[in-house]
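# Sequence and predicted structure below; questions after.
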Amino acid sequence: GAVVSQHPSRVICKSGTSVKIECRSLDFQATTMFWYRQFPKQSLMLMATSNEGSKATYEQGVEKDKFLINHASLTLSTLTVTSAHPEDSSFYICSARVDRNQPQHFGDGTRLSIL
Amino acid sequence: GQQVMQIPQYQHVQEGEDFTTYCNSSTTLSNIQWYKQRPGGHPVFFIQLVKSGEVKKQKRLTFQFGEAKKNSSLHITATQTTDVGTYFCAGNTGGFKTIFGAGTRLFVKA
């Protein structure tokens, strides 16, 4: 149980392209989903917290117009990297949890490479 | 702001040696969670500790939550090469956000 599917797993695209990443909880309803960014050999950097039906809460230093988050249902959240540039290249991971007393379950991550 | 400090950052061990990683929070936690991330993979949930002084075991792994609910440890007895990866603690104060430690990367030499 507690499976989170993240798609796509890898994206390679040209600078200026917008990229959409989907995160789905397959067998549970997630009141909260999280989006992280991870640089090589680094820890998880929380970008934003997303609650179903409301606006995402972004961490300090994360541009909300650059990283658009939509949490349309209890099983789906999307992250759109708008007009991506090489510095946006990174490993993006989503996680989902049922409620604040439950652990987070992570997707497989998306490796984004902007040329 | 709330912080979760995790040490050490790296640990190299010989297969068969023990390994411990420690987490300390600047504030009292409602629970603490442990995750493992294999190289190239995503974090996978191990266990959650809720009670003061709680100790839980999973085979060779022992998890402890401090009496003050501000610190925690993960101890691996007799490491194996399959234990390689990064171990993260994550503390929750009861709010929406869970604060992850920086992680401890474990290297096991056969």
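Received, thanks. Numbers count the residues shown, from 1 in each chain, chains lettered A, B, ... in the order given.
# what's the neighbour count on the nearest residue in space to residue B:12 that is not next to it in sequence?
Distance criterion Cβ to Cβ, 6 or more residues apart in numbering or on different chains; nearest residue to residue B:12, sequence neighbours excluded, is residue B:107 at 4.6 Å. For every residue, glycine as well, the C-beta is placed using N, CA and C. By other Cβ atoms under 10 Å in any protein chain shown, 14 other residues sit near residue B:107.
# which residues touch the nearest residue to residue B:94 once chain neighbours are set aside?
Leaving aside its chain neighbours, residue B:94 sits nearest to residue B:30 (4.2 Å; criterion: Cβ to Cβ, 6+ apart). The neighbours of residue B:30, taking Cβ atoms under 8 Å, 6 or more residues apart in numbering or on different chains as the test, are A:101, B:50, B:69, B:92-94.
# re the thing from before, distance of the residue nearest to residue B:12 relative to residue A:108?
23 Å (Cβ to Cβ, to the nearest Å).
# ditto for residue B:110
Distance from residue B:110 to residue A:108, by Cβ to Cβ: 28 Å.
# of those two, who's got more company?
Neighbours were counted for residue B:110 and for residue A:108 using other Cβ under 10 Å; residue A:108 has more, 15 against 7.
# Could you report the pLDDT at the residue nearest to the spatial centre of chain A?
Ranked by distance to the mean C-alpha position of chain A (Cα atoms, centre = their mean), the top residue is residue A:35 at 3.6 Å. Residue A:35 carries a pLDDT value of 96.
# do the same with residue B:66
On the pLDDT scale, residue B:66 gets 97.
# which residue sits closest to it, ignoring its sequence neighbours?
Per Cβ to Cβ, 6+ apart, closest to residue B:66 is residue B:72, 6.4 Å.
# can you tell me how far that neighbour sits from chain A?
Going from residue B:72 to chain A by Cβ to the nearest Cβ, to the nearest Å gives 14 Å.
# That residue touches residue B:63, doesn't it?
Yes: counting by Cβ atoms under 8 Å, residue B:72 sits close enough to residue B:63 to count as a contact (7.0 Å).
# Dig out what the residue nearest to residue B:66 forms beta bridges with.
Taking DSSP bridges, one obtains residue B:23, residue B:65 as the residues bridged to residue B:72.
# How about stretch A:48-56 and chain B, touching?
Yes: using Cβ under 8 Å from any Cβ of the partner chain, stretch A:48-56 reaches chain B at A:49, A:51.
# Could you check that stretch and say which residues are buried?
Across stretch A:48-56, burial judged by 16 or more other Cβ atoms under 10 Å in any protein chain shown covers A:48-52, A:56.
# Likewise for stretch B:16-30?
In terms of neighbour count (16+ other Cβ under 10 Å), stretch B:16-30 has its buried residues at B:19, B:21-25, B:29.
# tell me how far the ends of it are from each other?
Stretch B:16-30 has an end-to-end distance of 34 Å (criterion: Cα to Cα, to the nearest Å).
# So for it, mean pLDDT?
Mean pLDDT, computed over stretch B:16-30, is 96.
# cool, and stretch B:74-86?
Stretch B:74-86 shows a mean pLDDT of 97 in the predicted model.
# helix, strand or coil for residue A:33?
With DSSP: H, G, I helix; E, B strand; the rest coil as the basis, residue A:33 sits in strand.
# That one reaches residue A:77, doesn't it?
Yes: the criterion here is Cβ under 8 Å, and residue A:33 meets it with residue A:77 at 4.1 Å.
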